[in-house]
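**Q** No sequence on hand, only this structure:
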């Protein structure tokens, strides 16, 4: 994806790189960590994020091949630039499934989205730990899971479950996360050929 890099963004990266040197990291891991730090102004992500270069490479290949992108909430979808994302959380069918199955709407939306996209999608979770927890239990066979939900209830556990699952993913160890951070991690892959 080609896009113009704004001078403010360029300056932000200069400041970030003056504060922490990540040049020793593999290129995709560095891109993800830098974009998350850029989006959050939170240097704690340098040590909090868990990236696996091979998983990121697989996700990038899937994105370049046109894999669908699924998000847990509309805020994550809104933050992803240059790609449309599927987000059925607000649909009536999602609410009906949530009631019938005793799930949160976010978890029900994962089931509905999986029925639509099948295996090989890129999943981006930034808000709802229950969405990530549900995804890990399903036979989704994702190309990549960006699992960065935020919160005091269930977020750390859902991210630990993602790491333990063996699924290709990006996560973090703490309660931090959120829509902007999750979207930034995916955008890092979409912008990987650019040098801000």
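**A** Cool, got the structure. Everything numeric in this text was worked out from a predicted model, so none of it was measured. Numbers count the residues shown, from 1 in each chain.
**Q** Just give me the neighbour total for residue 149.
**A** Other residues within reach of residue 149, judged by other Cβ atoms under 10 Å, total 32. Placement of C-beta: from N, CA and C, glycine included.
**Q** can you tell me how far it sits from residue 162?
**A** 10 Å (Cβ to Cβ, to the nearest Å).
**Q** who touches both of these two?
**A** Here residue 149 and residue 162 have residue 132 as joint contacts, going by Cβ atoms under 8 Å, 6 or more residues apart in numbering.
**Q** Please name the residues that touch residue 174.
**A** Residue 174 touches 44, 48, 156, counting by Cβ under 8 Å, 6+ apart.
**Q** Secondary structure element for it, which one?
**A** According to DSSP states H and E, residue 174 maps onto no helix or strand at all.
**Q** Likewise for residue 55?
**A** Per DSSP H and E: helix 53-64 holds residue 55.
**Q** which residues does the residue nearest the centre of the chain bridge with?
**A** Central residue of the chain (Cα atoms, centre = their mean): residue 146, 2.9 Å from the mean position. Note on residue 146: beta-bridge partners by DSSP bridges are residue 124, residue 170.
**Q** Report the separation between it and residue 96.
**A** For residue 146 relative to residue 96 (Cβ to Cβ), the value is 27 Å.
**Q** Residue 61 now?
**A** For residue 61 relative to residue 96 (Cβ to Cβ), the value is 36 Å.
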